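# What shape does this take:
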Amino acid sequence: MAALAPGIPHEMITLLDGAGIDVVIPPSRDQRGVHAVLDGADVVLADWSSALRLGSEEAAGAQGIGYIQNAGAGTDSIDLAAWSAVGVPVASTAGANAIGVAEWCVASALSVLRSLCWADAEVRAGRWPQLEASDRGCGELSGRRVGIVGFGDIGSRCAVRFAAFDCEVSYWSRRRRSREEEHGATHRELDELVRRSDVLVLVVPLTDETRGMIDAARLASMPRGAILVNAGRGGLVDEAALVEALASGALGGAALDVFATEPLAPGSPLRASERVLLSPHIAGATAESRMRIFSMIAGNLTRAMQGAPLQGVVNGASPLVRWRS
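Below you'll find the model as predicted:
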């Protein structure tokens, strides 16, 4: 197995070794390192951080790969069509981290609304800004209009959790859900959703359709003082326009777990804004999520070796693995 995903726990490697599966780590965190380990690999564990690509070039040169297992839900670093064209299924662990991401979205919205990061920094610096909190516009989540962009496993769980805080929840998705699946949320067209949301939550995949969808015009249409929460992908948002909206006060704050370029550049103006909660792409990084991901990866390995169809194939290829000599 060529393991492109960073930070694979020792216990997982030990488990795989015990099952007779050799785990090979790229010698470097770049495309050269990817190419070094693809040759001779039967299975590829894709890079959940999206830093290492599995594009058309890699698909064209991959002779022995049976299938690709993504250790996350996002597949924007994988050319799904290219791998489908060469008959290699790409499987996702979508849903494994949905609870963790949904909880992060609620927690970060609360943190920004209450200026918790600012308050923590002030106290650590020796100050006691008790009387300044109200001047910063600290507010309650209860009663806010929350708009969720994307309504898969994560979005639906966000809806349940925000509703528990007495929020009015709406959503946009390419496919309208049944009343039972909506969990009390109201479907709205995207522009209407953005215009009326006090808290806008992005949990939609990055595709050609969604890239740059939250641009300067849509940011300007949001209610003054609204909050943006992005746990989808950085490419969903025009970051330059976001910086301007925050600086002008048009937006009250933002919570960002993902960025157009990761890691976030040291000189990024987002780092300078105390109204932005910055998180290093860890919304789904919980111990519970990790165990669910391990279970799904191990399950597909077992299915592949037994000739059973893979679960979670997302690129339209046959879920039956064709092992290549």
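
# name the helices or strands packed onto the top helix by length along the chain?
Looking across the chain with DSSP state H, the single longest helix is helix 287-306. Under the contact criterion of 3 or more Cβ pairs under 8 Å, 6 or more residues apart in numbering; DSSP states H and E, helix 287-306 touches helix 10-18, strand 43-46, strand 67-70, helix 98-113. (C-beta placed from N, C-alpha, C; glycine too.)

# okay if I get these as a markdown table plus mean pLDDT?
Converted to a markdown table, the helices and strands packed on helix 287-306 look like this (pLDDT from 0 to 100):
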| stretch | mean pLDDT |
| --- | --- |
| helix 10-18 | 76 |
| strand 43-46 | 95 |
| strand 67-70 | 96 |
| helix 98-113 | 98 |
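
# Highest mean neighbour count out of the ones you listed?
strand 67-70 (a mean of 26; mean count of other Cβ atoms under 10 Å).

# ok, then the element right after that strand?
helix 80-85 (DSSP states H and E).

# Need the contact partners of that next one.
With Cβ atoms under 8 Å, 6 or more residues apart in numbering as the test, helix 80-85 has contacts from Leu54, Gly55, Ser56, Ala59, Ala60, Ile68, Pro89, Val90, Val314, Asn315, Gly316, Ala317.

# before we move on, what about stretch 174-182?
So stretch 174-182 is contacted by Phe151, Ser156, Ala159, Tyr171, His187, Glu209 (Cβ under 8 Å, 6+ apart).

# That one: end-to-end distance?
14 Å (Cα to Cα, to the nearest Å).

# for that stretch, which positions count as buried?
Arg177, Glu182 (16 or more other Cβ atoms under 10 Å).

# what pLDDT, on average, does it get?
Per-residue pLDDT values across stretch 174-182 average out to 94.

# In JSON lines, list the helices and strands packed on helix 287-306 along with distance to Ala255.
Output for the helices and strands packed on helix 287-306, formatted as JSON lines (distance: least, Cβ to Cβ, whole Å):
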{"stretch": "helix 10-18", "distance to Ala255": "30"}
{"stretch": "strand 43-46", "distance to Ala255": "26"}
{"stretch": "strand 67-70", "distance to Ala255": "25"}
{"stretch": "helix 98-113", "distance to Ala255": "3"}
